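**Q** Give me a model of this one.
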Amino acid sequence: MTFSARLPDRLQPNAVSVAVETLRASGTPLVDLTESNPTRVGLPYPAGLLASLSGPRALLYEPAPLGLWSAREAVAADAWRRGARIDPADVVLTASTSESYVWLFKLLCDPGDCVLVPRPSYPLFEHLTRLEVVQAVPYDLEYHGRWTIDFARIEDAPAATRAVLVVSPNNPTGSFVSTAELDRLAALCARRGWALIADEVFSDYNLDEGHAVTDLTTRVDVRSFSLGGASKSLGLPQVKLGWMTIGGDRRTREEVRSRLELIADTFLSVSTPVQVAAPSLLQEAAVVRSAIRTRIRRNMAEARRIVAAHPSCELLHTEGGWSAVIRVPAVRSEEDLVLGLLHRERILVHPGYFFDFRDEAYSVVSLLPEEDVFASALNRVLDYAAVPPERLPSST
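**A** Numbers count the residues shown, from 1 in each chain. All right, here's what the predicted structure looks like:
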């Protein structure tokens with residue numbers, strides 16, 4: 001049987017996935033320091049938060065390709081708390097950030113065209129671009145005390161490039177695009193005719209009190225798109241609501257909207273109940289967002305303390321998001337480190353190669369777990385990572 005070349009030839013799980021599933025199938029408890037689902041880490045959710053999903057208006061089906069106006073207004077109004085002024089007409093609702101990407105690739109690219117994607121980053125773009133018959137061309141984020149964009153790689157982009165993607169703050173590096181970088185990207189896009197796509201799903205979660213550059217479409221004059229969603233901003237991955245805002249001059253925004261409306265009308269993927277509930281959810285989920293922000297800041301403070309007590313390890317500078325990146329001694333491969341932690345300590349962490357770090361050795365951990373669980377597990381991770389395999393006592 002033949003399948004589309006858009007799919008990988010083989011769909012076999014890697015060694016880490018096999019080990020995790022084997023341990024879980026045997027009933028072995030694990031501490032998951034990769035947990036990215038806020039609904040599973042003991043955070044407080046208001047009673048009745050999802051009640052608005054069952055309102056009587058949800059029974060009335062009135063398809064609106066770009067989304068119900070009330071929901072688009074609510075998304076635009078919510079941006080005010082970050083100081084951003086957005087026209088609700090420039091808001092487009094989708095079922096998820098992934099769907100936003102897919103619609104934008106349909107909008108901007110023909111088969112074989114290229115989009116520039118950051119490296120390291122979450123391993124999503126490879127799959128989304130391949131399914132849309134688009135090429136993902138990486139550009140590097142370089143670490144010199146903080147993460148910065150390698151503009152030389154972007155300048156050398158293929159002629160078939162149609163867009164440059166930024167993730168701000170990046171997952172997992174936690175780096176926000178700076179004002180200087182944004183200005184340079186906007187100038188490049190204007191000169192080359194590219195679109196700028198900014199994934200800002202973690203923009204509400206700066207780890208320090210300093211100001212972060214957000215809502216990038218409101219800061220540039222080129223064709224641009226900022227992506228957000230309920231999964232991160234509201235801590236509600238199960239409600240399946242994403243959004244994008246369109247940037248550029250008035251004529252550009254109008255042309256983009258008309259074409260996106262055709263794409264959206266073809267799928268009509270966003271459910272009516274979640275659109276009806278959007279104004280209430282955006283307002284009431286603020287308490288969840290606050291709880292997440294408190295949790296990740298406390299865990300980051302604890303991570304700084306713990307890593308400082310392990311001189312052979314380094315906590316890389318992180319500005320926002322839900323992850324911490326730790327450079328560990330390269331005394332074993334990252335895969336061996338992760339498998340060793342699973343079998344000896346019953347702790348799961350992400351290896352750096354999962355995010356396409358160019359060298360070893362890195363461990364990436366989530367800042368979402370409960371604070372006592374996080375601190376205890378991270379201490380054990382670094383104790384194990386610092387000891388060469390030949391010096392470990394025999395496991396029983």
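
**Q** Beyond the helix or strand S17 falls within, next helix or strand please.
**A** Under the criterion DSSP states H and E, the helix or strand holding S17 is helix 15-25. Note on helix 15-25: by DSSP H and E, the next helix or strand toward the C-terminus is strand 31-32.

**Q** related to what we said a few turns ago, off-centre distance for the helix holding S17?
**A** Centroid displacement of helix 15-25 relative to its chain, using CA atoms, centre = their mean, to the nearest Å, is 24 Å.

**Q** Measure how buried the nearest residue to L60 once chain neighbours are set aside is and give me the count.
**A** Leaving aside its chain neighbours, L60 sits nearest to T272 (7.4 Å; criterion: CB to CB, 6 or more residues apart in numbering). Any C-beta I mention is one placed from the backbone N, CA and C, and that applies to glycine too. T272 has 19 neighbours, counted by other CB atoms under 10 Å.

**Q** any idea how far T272 is from S70?
**A** Using CB to CB, to the nearest Å, we find T272 at a distance of 11 Å from S70.

**Q** Same check on A277?
**A** For A277 relative to S70 (CB to CB), the value is 10 Å.

**Q** And these two? Which one has more around it.
**A** Legend: neighbour count by other CB under 10 Å for A277 and S70, higher for A277 (26 against 14).

**Q** so which strand or helix has the more buried one?
**A** Counting by DSSP H and E, the element that carries A277 is helix 272-284.

**Q** Show me which residues of that helix are buried.
**A** In terms of neighbour count (16 or more other CB atoms under 10 Å), helix 272-284 has its buried residues at 272-282, 284.

**Q** ditto for stretch 285-305
**A** Residues of stretch 285-305 classed as buried under the neighbour-count rule (16+ other CB under 10 Å) are 285-286, 288-289, 291-292, 295-297, 299-300, 302-303.

**Q** wait, which of these is closest to V16?
**A** A303 (21.8 Å; CB to CB).

**Q** which residue sits closest to the closest one, ignoring its sequence neighbours?
**A** A324 (5.0 Å).

**Q** measure the one you found to R257 for me?
**A** Distance of A324 to R257, computed by CB to CB: 39 Å.

**Q** same deal with V134?
**A** Distance of V134 to R257, computed by CB to CB: 22 Å.

**Q** The two: which is more packed in?
**A** Neighbour count, other CB under 10 Å: between V134 and R257, V134 has more, with 25 against 17.

**Q** Model confidence score at T396, please.
**A** On the pLDDT scale, T396 is placed at 48.

**Q** Show me what counts as buried in the helix holding S17.
**A** Going by neighbour count (16+ other CB under 10 Å), the buried part of helix 15-25 is 16, 19-20, 23.

**Q** Likewise for stretch 346-366?
**A** 347-357, 360-366.
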